[in-house]
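give me a model of this one.
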Amino acid sequence: MTPVGVYIHVPFCAAKCPYCDFYSEKYSSELVKSYKDAVIRRIMAYPYRTAVDTIYFGGGTPSLIPEKYIEEILNALYSHFSVKSLETTIEVNPKIVNYNKLSAYHNMGINRLSIGVQSCNDKELAFLGRKHSWKNSLETIENAARAGFENISCDLMIGLEGQTISSLRNSINTLVKLPIQHISSYMLKIEENTPFNCESIISRLPDEDAYADMYLFMVEHLNSNGFAQYEISNFARPGFESIHNNKYWQCKEYIGIGPSAHSYFNGKRYTSDINLEKFTSSENAGYIITDDNPGSYEERLMLGLRLKKGIKISDFPELDKKLQRLGKEMLKNELIEIKDDVLSLTAKGFLISNSIISSLI
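Okay, here's the model as predicted:
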């Protein structure tokens, strides 16, 4: 059996960021213990000795819960599954980790960190409602390297109030000089049921042209500093692309555990109820099948074109006719590249990827 990835959704935050629509609940020690026990029950419900090669703790704020619970979950994974982990990642908040916690993670076998830096500019962080400062992020990166981590990723957001190419350049220049190997850069997206979904916030954000300029600058500047783009929002030094996240884009199978977690396993896509109480109180109930025949033509094309390496045209029989009709104009406008049998999007193409993919489908 081809190894799968395991994603553990940790649905706890100290405070909810005003732009975030991911499912989370306020931290409480009683709830966290119940959650940990439920995660282990769900692990044990999967087929024994399932092959696993990546593990990812996301959230929420995984670094908020006690290290001993993370270790108990890892031990359950190791004992029940056949784990040959190439990559074990945990997301951390710079405000609530210190050297001792990072060292504990490293000692229990976690070998990759994803740090929620977001910006190296304290004004931009304040706008986002983040509780940490750039100084907290810098200390976290330095402590992580001192604890032995050699695979460190940092999140960077663009499209913020007051953000300019100059401030973005400063953030990038600051990060690339540090001992990090990966950067995930996301546009601030206004989600419906969040405090940021109001005119007073939306009116303060950069317009589409300014955002496009920042995105294209970021791609060029990161590439020129050794962080090659390999997906719409992800950049890495050679050999440090996220193995776990690549599973999503390559239509490979993964198991998601936790309220709201998604899975693609044994040929089906399904999700867990977005409800912590149901997750902790039930044995294994609460899964909802969302697709009993995944991996369609459209899905593979859509996910494959998120990757910089693109897709093989010959793998998509209907694509050749579409490219004969649309390809010349897209090539002329530098939105796509075609080399031999490979179709890929350019940085300009990534900006309007949804439109391009829709036209090709």
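
gap between residue 323 and residue 64?
Distance of residue 323 to residue 64, computed by C-beta to C-beta, to the nearest Å: 48 Å. C-beta coordinates here come from the backbone N, C-alpha and C atoms, glycine included.

what does residue 352 give?
37 Å.

buried ones in stretch 159-173?
Going by neighbour count (16 or more other C-beta atoms under 10 Å), the buried part of stretch 159-173 is 159, 160, 163, 167, 168, 171, 172.

do the same with stretch 276-285
For stretch 276-285, by 16+ other C-beta under 10 Å, it's 276, 279, 280.

who has more neighbours, residue 352 and residue 64?
residue 64 (19 against 15; other C-beta atoms under 10 Å).

give the contact list for residue 4.
50, 51, 52, 53, 247, 252, 253, 254, 255, 265 (C-beta atoms under 8 Å, 6 or more residues apart in numbering).

buried subset of these?
For the contacts of residue 4, buried by 16+ other C-beta under 10 Å: 50, 52, 53, 247, 252, 253, 254, 255, 265.

remind me which residues of the stretch 201-350 of the chain are low pLDDT?
The model of the stretch 201-350 of the chain has pLDDT under 70 over residues 283-286.

at 90 instead, please
206, 272-275, 277-278, 281-298, 316-328, 340 (pLDDT under 90).

what ranges does it have for its helices?
Listed in chain order, the helices of the stretch 201-350 of the chain (DSSP state H, counting those that start in this stretch) span 208-224, 243-249, 276-281, 297-304, 319-332, 347-351.

what sits up against the last one?
So that's helix 347-351. Residues outside helix 347-351 that contact it (C-beta under 8 Å, 6+ apart) are 212, 215-216, 219-220, 229, 232, 330, 333-336, 356.

for ChimeraX, write a command that selects the buried ones of these.
Selection of buried members from these for ChimeraX, criterion 16+ other C-beta under 10 Å:
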select :215,216,219,229,232,330,335,336,356
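
can you add distance to residue 310 and give the contacts of helix 347-351 back as a markdown table?
Below are the contacts of helix 347-351 laid out as a markdown table (distance: C-beta to C-beta, whole Å):
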| residue | distance to residue 310 |
| --- | --- |
| 212 | 21 |
| 215 | 19 |
| 216 | 19 |
| 219 | 16 |
| 220 | 19 |
| 229 | 12 |
| 232 | 12 |
| 330 | 13 |
| 333 | 17 |
| 334 | 15 |
| 335 | 12 |
| 336 | 9 |
| 356 | 12 |
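
for residue 309, state which of the contacts of helix 347-351 is nearest.
Using C-beta to C-beta, the shortest approach to residue 309 within the contacts of helix 347-351 belongs to residue 229, at 10.3 Å.

could you double-check that residue 223 sits in contact with residue 237?
No - using C-beta atoms under 8 Å, residue 223 is not in contact with residue 237; the gap is 11.3 Å.

counting neighbours, go ahead and name the busier of those two.
Applying other C-beta under 10 Å to residue 223 and residue 237 shows that residue 237 carries more neighbours, namely 16 against 13.
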